[in-house]
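Below are the sequence and a predicted model for it; my questions follow.
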Amino acid sequence: MTDPSSADPLHVDICVIGAGAAGLSVAAGCAQLGARTVLIERGTMGGDCLNTGCVPSKAMLAAGHAAEIVRTAGRFGVTASAPEVDFAAVHRHVHGVIAAIAPIDSVERFRALGVNVIQGSARFTGPDALDVDGRRITAKRFVVATGSKAVAPLVPGLAEAPYRTNETIFDLTACPDHLLVMGGGPIGCELAQAHRRLGAKVTIVEMFNILGRDDPEAADVVRRQLKAEGIGILEGTRAERVEARDGGIALTVSRDGEETVLT
């Protein structure tokens, strides 16, 4: 295996750019089949799934589910007091789950599998070559698995507000009083439910219908459940502007020409 710290030119069979779920799977599979494989990652190993997506969101959902079990135990004939949620402890739980899984996606593990892991930024310099912070790498085949990231909607005033995305929401150590979720896709819905079950007031603002890419009957099951849990769902509603107000944030939304302010 080539010394990952070497600055010498490198030629391999497969060059994978991006160490998220897809990139890791390809790199491991190619190396195990005997291909000379290099994996390039400029950020954190594990990508979105481990660090800001599947793992933290499901860990938070699990915490919310635990609170909901206590809250609804009466229907099973079990008497329980209302759950007391320590949101800082939930934060530690979420990041503890990430830390527990991280070794599976680590640089050390993939180097042990025979993958040459290089941490840096890749830039193509030709059809069969790229540069990683000054080091030239050529390959027979390239796999671009750089993933994606959240793009904030162009709502006036949003850029100046302390908003969160699916990448930063898991950094909160205190439960928000009122979580306004802009977008009713799968991520928006799961974050809405998790935070509601952990004690926040939650409102989803969706321009069309929630879970619009999913089967309408399945989406309606989710819609009814979220509403039953006390989540406000504003469909067919446009976010117009964001303003600072009374030490917090005010979101003005509109539907059928009528505006409403959410705080």
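Ah, there it is. If you're wondering where the values come from, they're calculated on a predicted model, not measured in any experiment. Residues are numbered from 1 along each chain as shown.

quick one, what contacts residue 250?
Counting by C-beta atoms under 8 Å, 6 or more residues apart in numbering, residue 250 makes contact with 242-244, 261-263. C-beta: built from backbone N, CA, C; applies to glycine.

low-confidence ranges in the protein?
By pLDDT under 70, the weakly predicted segments of the chain are 1-6.

Helix or strand next in line after the host helix or strand of residue 250, which one?
For residue 250, the element it lies in under DSSP states H and E is strand 248-255. Per DSSP H and E, the first helix or strand lying C-terminal to strand 248-255 is strand 258-262.

the longest helix in this structure is where?
Criterion DSSP state H: the longest helix present in the chain is helix 54-71.

partners of the strand holding residue 250, with directions?
strand 238-245 (antiparallel), strand 258-262 (antiparallel) (DSSP bridges).

Could you tell me which of the contacts of residue 250 count as buried?
242, 262 (16 or more other C-beta atoms under 10 Å).

would you list every one of the strands in the stretch 151-263 of the chain?
With DSSP state E, counting those that start in this stretch, the ranges of strands along the stretch 151-263 of the chain come out as 178-182, 201-206, 232-235, 238-245, 248-255, 258-262.

and the angle for the fifth one with strand 201-206?
For strand 248-255 and strand 201-206, the angle between their directions (axes from the mean of the first three to the mean of the last three C-alpha atoms, to 10 degrees) works out to 40 degrees.

what angle do strand 248-255 and strand 178-182 make?
40 degrees.

Buried residues in strand 248-255, which are they?
Neighbour-count burial for strand 248-255 [16+ other C-beta under 10 Å]: 249-253.

all helices for the stretch 101-250 of the chain, in order.
107-112, 186-197, 216-228 (DSSP state H, counting those that start in this stretch).

So which of these is nearest residue 78?
Nearest to residue 78 among the helices of the stretch 101-250 of the chain is helix 186-197; the distance by C-beta to C-beta comes to 17.7 Å.

Take the closest one, keep the C-alpha atoms, and write them as PDB.
C-alpha atoms of helix 186-197 as PDB (Å, rounded to 0.1, in the frame of the first residue of the first chain):
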ATOM      1  CA  PRO A 186     -38.700  13.300   5.000                       C
ATOM      2  CA  ILE A 187     -35.900  15.200   6.900                       C
ATOM      3  CA  GLY A 188     -38.200  18.000   7.900                       C
ATOM      4  CA  CYS A 189     -40.900  15.600   9.100                       C
ATOM      5  CA  GLU A 190     -38.600  13.500  11.200                       C
ATOM      6  CA  LEU A 191     -36.900  16.400  12.800                       C
ATOM      7  CA  ALA A 192     -40.300  17.900  13.500                       C
ATOM      8  CA  GLN A 193     -41.500  14.800  15.200                       C
ATOM      9  CA  ALA A 194     -38.300  14.200  17.200                       C
ATOM     10  CA  HIS A 195     -38.300  17.800  18.600                       C
ATOM     11  CA  ARG A 196     -42.000  17.700  19.300                       C
ATOM     12  CA  ARG A 197     -41.600  14.600  21.300                       C
END
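
tell me what it is packed against?
helix 54-71, strand 178-182, strand 201-206, helix 216-228 (3 or more C-beta pairs under 8 Å, 6 or more residues apart in numbering; DSSP states H and E).

Pick out the residue nearest the middle of the chain.
residue 53 (2.8 Å; C-alpha atoms, centre = their mean).

Ignoring the adjacent residues along the chain, who's closest to that residue?
residue 166 (6.8 Å; C-beta to C-beta, 6 or more residues apart in numbering).

can you check residue 12 too?
residue 36 (4.3 Å).

From residue 141, how far out is residue 31?
According to C-beta to C-beta, to the nearest Å, residue 31 and residue 141 sit 14 Å apart.

Show me which of these two is the more surrounded one.
A side-by-side neighbour count of residue 31 and residue 141, using other C-beta atoms under 10 Å, places residue 31 first with 23 against 12.
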